[in-house]
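# prediction below, plus the sequence it came from.
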Amino acid sequence: MFKHFPAATLLASLAALPVAAHAQAVESRSTASAALDPVVVTATLAPRTAGQSLSSVTVLDEATLRRQDPVNITDLLRGQPGVDVSTNGSFGKNSSVYLRGTGSSQNVLLIDGIRLRSATSGGAAWSSLDPRMFERAEILRGPRGSLYGADAMGGVIQLFTHQADADGPAPRFSFGGGSFNTARASAGISGSEGGTRYSFAASHFNTDGQPVRQGGDDKGFDNTTALAKVSHTLDNGVELGVLALRARGNNEYDGGENDFVQQVAGVYVEIPVADQWRSRVTLSEARDESDNIDTFGNSTFDSQIRTARWENTFIAGPHEFIAGAEYSEDKVDSIVDYDETSRDNQAVFTQALFDFAPLTLQASARFDSNESYGDELTGSVGVGVDVDAHHTLRASYGTAFNAPTYNQLYYPDFGNPDLESETSETVELGVRGQYADWFWDAAIYQTDIDNLIAGQAEQFNVPTSRIRGAELSGGVEIDEWSLAFALTYTDPENRLTGKRLQNRATQGLRLDLDRELGEWSLGGSWVAQGHRYRDADNQDQLGGYGLVDLRGGWQFAPLWSARLTLENVLDHDYITTRSFDGADYLSAGRAAFLSVHFGQ
């Protein structure tokens, strides 16, 4: 599929733009706040500031997570640039995250570099992840099939667990609760000693919940999560590390309940082979397990993904090269009689990051060979130009593919074993303004998708689809004020019918404003989404909505603080999806949560 680059002429013209001295640009940007131009790793597999990554990327840092103290991960993601969220109710109910108009199975979720998803449904279990177990999130928009393989069509979201950066043990804990008889507690400790770094944490969440459908009973949710992460650096520079995160709980839904497990585990070794060459080997496993009890009886859907990845990084002056190989195996254990229950994938990939100041060039390619869906070749190329001390233009072209899931291929009376993989081509233009106290970023893009998988009663390939969009985001940090905003427009169209792709909103807005007042802090968020269609014929419309959340904090003693969050303050009734029988899935109304925290 990686056959041609229709944006080549455009890229060349950008490269020829007159620019100011690169040294001046570097000096100016070095004064920008790390929160406004943070270092990201998801975009290029290597540390780059957001401006240097030549990507549309949003970072939700530790301060943001601490201020907002969300109940669900999706509360953080909703309304971010290019992000749309739909949920089958509140508190642990099934959630879908759309990036630039692509569905949950067309995006990748990573936890500290380990992919987590269901091999049967294709999507990640967002609702089963406790936000308090993470200190940072990177939202990368745009195709990354050349780095991450299948499914990285709309983008990649990576969650990072707590890092050990203290010299000695640094304990932390929190507890609290609120509406719907909700209780939350978490504890952790991290630190370093000699060449060893460690981080251990645990959390528990429990709620009676609320009805999923009108007139129904409350549907509860509980989740217990544990994290262990240890690394050690030897005297010769070799680094060894291990990570394990496991979430386990119960979720009640309309018509039944399920016991779930979400787990990632990995070990790695990183070796400084030479002064300019580092080699890293990672062995990992991810599990998505669900045991269901409902009106149809008992059912089990367990997915296991095992991966071995070898990655090499070479430095040549200002340039950087990455090359590696990956082997992965998907396995499914279910009461459903799938025609296939396992498949393996072999891949090789490479990337070049060139710095010809003031011109930056990035190129990558990956070859995947899968025993179920054949071979795929993906690639990308991007170019950036520092126009002056504050502004960077960028342009990119990339391809990606999405492999059919086990459900889409083999589920009885639903799957279609003749489905082809979805393939895409994306062209993007962007510009970023970076200053000492604020930044803004704008991008326009078009993604053309062949063989989009659709259907409810039976799966089929849609010949051609097109998604056009525009995003504008920014942030300001002045004195004690912090502001972040995002505007999103998405036009996802089935080219065969001219109809909008279902379950996608076309407009989105998010505004986060916070103020520090000595020992006190105040803030709020406003999230708005346009209407969407539940069906492919665009006859079943779900209205748009706007939500207002408020929050406050009080540091009443050294290392001690209390936080109050008020969600959906205006008690707005809204829905983001309906069941197959036409019933609305209800979202939570006004809610209040109070918590006490100790630690940094």
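Cool, got the structure.
# following the helix or strand where residue 204 lies, which helix or strand comes up?
Element membership of residue 204 [criterion: DSSP states H and E] is strand 196-211. The element immediately downstream of strand 196-211 (helix or strand, assigned by DSSP H and E) is strand 218-233.
# I'd like the next helix or strand past that next one.
Toward the C-terminus from strand 218-233 - assigned by DSSP H and E - lies strand 239-253.
# let's test this: mean pLDDT of the strand holding residue 204, rounded?
What strand 196-211 shows for mean pLDDT is 96.
# for stretch 159-171, measure first residue to last.
21 Å (Cα to Cα, to the nearest Å).
# report the rounded mean pLDDT for that stretch.
85.
# give me the residues contacting that stretch.
73, 109-112, 129, 133-138, 187-193, 197-199, 201, 227, 229, 243, 245, 598-600 (Cβ atoms under 8 Å, 6 or more residues apart in numbering). In this view, the C-beta of every residue, glycine as well, is placed from N, C-alpha and C.
# buried residues in the strand holding residue 204?
Residues of strand 196-211 classed as buried by neighbour count (16 or more other Cβ atoms under 10 Å): 197-210.
# roughly how far is it from the heart of the chain?
What separates the centre of strand 196-211 from the centre of its chain is 19 Å, taken as Cα atoms, centre = their mean, to the nearest Å.
# by contact count, what packs against that strand?
Contacts defined by 3 or more Cβ pairs under 8 Å, 6 or more residues apart in numbering; DSSP states H and E place strand 196-211 against strand 182-193, strand 218-233.
# list the buried residues of the last one.
So that's strand 218-233. Quick answer for strand 218-233 (16+ other Cβ under 10 Å): 219-229, 231, 233.
# what do you get for stretch 407-423?
For stretch 407-423, using 16+ other Cβ under 10 Å, the buried residues are 407, 408, 409, 410, 411, 415, 416, 419, 421, 422, 423.
# please enumerate the strands of the stretch 351-500 of the chain.
When assigned using DSSP state E, counting those that start in this stretch, the strands of the stretch 351-500 of the chain occupy the ranges 359-370, 374-386, 391-402, 422-434, 438-454, 460-478, 481-494.
# most packed of those?
The highest average neighbour count among these, using mean count of other Cβ atoms under 10 Å, belongs to strand 391-402 at a mean of 24.
# strand partners (parallel or antiparallel) of that strand?
Paired neighbours of strand 391-402 in the sheet (DSSP bridges): strand 374-386 (antiparallel), strand 422-434 (antiparallel).
# among these, which is nearest residue 84?
strand 422-434 (17.4 Å; Cβ to Cβ).
# just the closest of the buried residues of strand 218-233 to residue 310, please.
residue 231 (18.4 Å).
# give the bridge partners for that closest one, please.
residue 197, residue 241.
# any idea how far it is from residue 238?
11 Å (Cβ to Cβ, to the nearest Å).
# equivalent analysis for residue 261, please.
33 Å.
# ok, residue 469 next?
Residue 469 is 44 Å from residue 238, by Cβ to Cβ.
# so which of the helices and strands packed on strand 196-211 gets nearest residue 338?
Taking these one by one with Cβ to Cβ, strand 218-233 is closest: 28.0 Å.
# so which residue is smack in the middle of the chain?
residue 157 (2.0 Å; Cα atoms, centre = their mean).
# my guess is residue 561 contacts residue 552. True?
No. Using Cβ atoms under 8 Å, residue 561 makes no contact with residue 552, being 10.6 Å away.
# what is in contact with the two at once?
By Cβ under 8 Å, 6+ apart, no residue touches both residue 561 and residue 552.
# wait, doesn't residue 122 sit right on residue 408?
Yes. Applying Cβ under 8 Å, one finds residue 122 in contact with residue 408, separated by 7.4 Å.
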